[in-house]
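Trainee: no sequence for this one, just the structure:
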């Protein structure tokens, strides 16, 4: 047995013949898991013993070290024998395993409220302990106050700014952002250049983050110099006009510390680039409950039947030239040491919240990005984006205990992210298998 385990619930999964009974049972299991984790947080200290630490703030492995966690924070990192223990600690034996910071998915959409608990639980199950909300079907300000007792990652909430918003509304928008303590403004679209100018001027005055889609009515150089903090989907860089000025735009990107979140996995799934068999090799596919796989397969067949296989394939082919340019842009951003963020934008077939991060990171690796940069772009760099690098994103004393234990080393092979076994969120300990079993 490898270290700490939550109480077994496999027998409970077989209980019940009717859907409602099964649903109630799963809810009870989740409540028990959450209560158990809360007891851990407030009732005792936790030690991760004799683990290989990937701290992320430096490109190294601290071999066979131990971490003491108390009140949701890391308070000691030492050899096990040198820890200040009082013999009441819960010990997680992690010998020959690897410990790294929890992941941050920097491009997440929240859909209808009824599926929200599942979305949040999947993220924790995958080792995602922070999410940045880039769109939502539910009111984010209201949602902030209704998630206190859920199994969930830290959620960075946003105000969605679109072309329906005018300069006359900017005062009220910033009042809403401040009153509801929202973390940033996501630019979905903008009416015109003047509105963009007013938005950015106010954001810079109030030191509020604005990020999102590239505003097509504004020049690339202006956006990059405006204080706009991150560009999603590598939008604008691959256009015919901007690709000719790519070197200059990348220079401006680096000088102005503009982050880029490419969301490749979204394009790969939406444009069917893994059809007909590639999707079965996805890391997500290997972890997904059978009910998810069955639904994906059914929806795929229905999609092909509706439009015909030729049109189905043409849909992706029509975008492929731009996708190839996106890959070129991304590798140039990497080679020029620009700031990169990992975000999965999970909304296509064969994507699953949290776990699609693993496939996104694997695609980065296939493009030649080194594994340390990939891991850093999913941990410490997101923390820097929010100016919270002193709180989370790396394994250091006094930082939040958002951690994942893996059976294999992701620095050797990024595929090893799929070996996540245990997730620690602010000191609460969760077992991946136990969480996923509640979804079957």
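Mentor: Okay, I see it. Source: prediction; values computed, not measured.

Trainee: For stretch 121-140, buried residues please.
Mentor: The neighbour-count check on stretch 121-140 (16 or more other CB atoms under 10 Å) flags 121-136, 140 as buried. All C-beta spots, glycine's among them, are computed from the backbone N, C-alpha and C.

Trainee: should've said stretch 368-377
Mentor: For stretch 368-377, burial by neighbour count (16+ other CB under 10 Å) applies to 369, 371, 373, 374, 375, 376, 377.

Trainee: Over to stretch 405-414?
Mentor: In terms of neighbour count (16+ other CB under 10 Å), stretch 405-414 has its buried residues at 405, 406, 408, 409, 410, 411, 414.

Trainee: so the residue nearest to the spatial centre of the chain, which of the three states?
Mentor: Nearest residue to the geometric centre of the chain (CA atoms, centre = their mean): residue 105, 1.3 Å. Using DSSP: H, G, I helix; E, B strand; the rest coil, the structure places residue 105 in strand.

Trainee: for it, what are its contacts?
Mentor: With contact taken as CB atoms under 8 Å, 6 or more residues apart in numbering, residue 105 is in contact with 123, 128, 130, 131, 132, 342, 343, 344, 354, 357, 378.

Trainee: Name the residues linked to it by a beta bridge.
Mentor: In this entry, residue 105 is beta-bridged to residue 131, by DSSP bridges.

Trainee: Model confidence score at it, please.
Mentor: Residue 105 carries a pLDDT value of 99.

Trainee: quick revisit: just the contacts of residue 105: which are in helices?
Mentor: Among the contacts of residue 105, DSSP state H puts 123, 357 in helices.

Trainee: Any regions of the chain where pLDDT drops low?
Mentor: Within the chain, the ranges that satisfy pLDDT under 70 run 1-43, 148-149.

Trainee: I'd like to know which elements the longest helix seen in it is packed against.
Mentor: Of all segments of type helix in the chain, defined using DSSP H, the longest is helix 309-335. In terms of contacts (3 or more CB pairs under 8 Å, 6 or more residues apart in numbering; DSSP states H and E), helix 309-335 is packed against helix 246-255, helix 264-270, helix 290-307.

Trainee: burial count for the nearest residue to residue 126 once chain neighbours are set aside?
Mentor: What sits nearest to residue 126 in space, not counting adjacent residues and going by CB to CB, 6 or more residues apart in numbering, is residue 354, at 3.1 Å. Neighbour count of residue 354, defined by other CB atoms under 10 Å: 27.

Trainee: hang on, residue 354 packs against residue 127?
Mentor: Yes: the pair residue 354 / residue 127 is scored as a contact, 7.4 Å apart, by CB atoms under 8 Å.

Trainee: Secondary structure and distance to residue 293 for the buried residues of stretch 368-377 - can I get that in JSON lines?
Mentor: Output for these, formatted as JSON lines (DSSP: H, G, I helix; E, B strand; the rest coil; distance: CB to CB, whole Å):
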{"residue": "369", "secondary structure": "coil", "distance to residue 293": "29"}
{"residue": "371", "secondary structure": "helix", "distance to residue 293": "28"}
{"residue": "373", "secondary structure": "helix", "distance to residue 293": "32"}
{"residue": "374", "secondary structure": "helix", "distance to residue 293": "26"}
{"residue": "375", "secondary structure": "helix", "distance to residue 293": "28"}
{"residue": "376", "secondary structure": "helix", "distance to residue 293": "32"}
{"residue": "377", "secondary structure": "helix", "distance to residue 293": "29"}
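
Trainee: Now do the contacts for the nearest residue to residue 56 once chain neighbours are set aside.
Mentor: Using CB to CB, 6+ apart and skipping residues adjacent in sequence, the residue nearest residue 56 is residue 394, 4.4 Å away. Contacts for residue 394 were tallied using CB under 8 Å, 6+ apart; they are 55, 56, 57, 101, 379, 380, 383.

Trainee: repeat that with 6 Å
Mentor: 55, 56, 57, 101, 380 (CB atoms under 6 Å, 6 or more residues apart in numbering).

Trainee: out of the residues you listed, who has the most neighbours?
Mentor: residue 101 leads the contacts of residue 394 on contacts (other CB under 10 Å) with 31 neighbours.

Trainee: For the stretch 1-150 of the chain, which segments count as helices?
Mentor: Along the stretch 1-150 of the chain, the stretches classed as helices by DSSP state H, counting those that start in this stretch are 19-43, 116-125, 140-143.

Trainee: ok, back up a step: and the longest helix of the chain, how far out from the chain middle?
Mentor: 22 Å (CA atoms, centre = their mean, to the nearest Å).

Trainee: now residue 346, nearest residue through space, not along the chain?
Mentor: residue 356 (4.3 Å).

Trainee: what about the one you found, distance to residue 257?
Mentor: Distance check for residue 356 against residue 257: by CB to CB, to the nearest Å, it reads 27 Å.

Trainee: secondary structure element for residue 235?
Mentor: Using DSSP states H and E, residue 235 falls within no helix or strand.

Trainee: Now tell me what touches stretch 375-387 from outside.
Mentor: Applying CB under 6 Å, 6+ apart, the contact partners of stretch 375-387 are 56, 101, 103-104, 106, 259, 340-342, 389, 392-394.

Trainee: mind running it again at 7 Å?
Mentor: 54, 56-57, 100-101, 103-104, 106, 130, 156, 183, 229-230, 259, 339-342, 357, 361, 389, 391-394, 410 (CB atoms under 7 Å, 6 or more residues apart in numbering).
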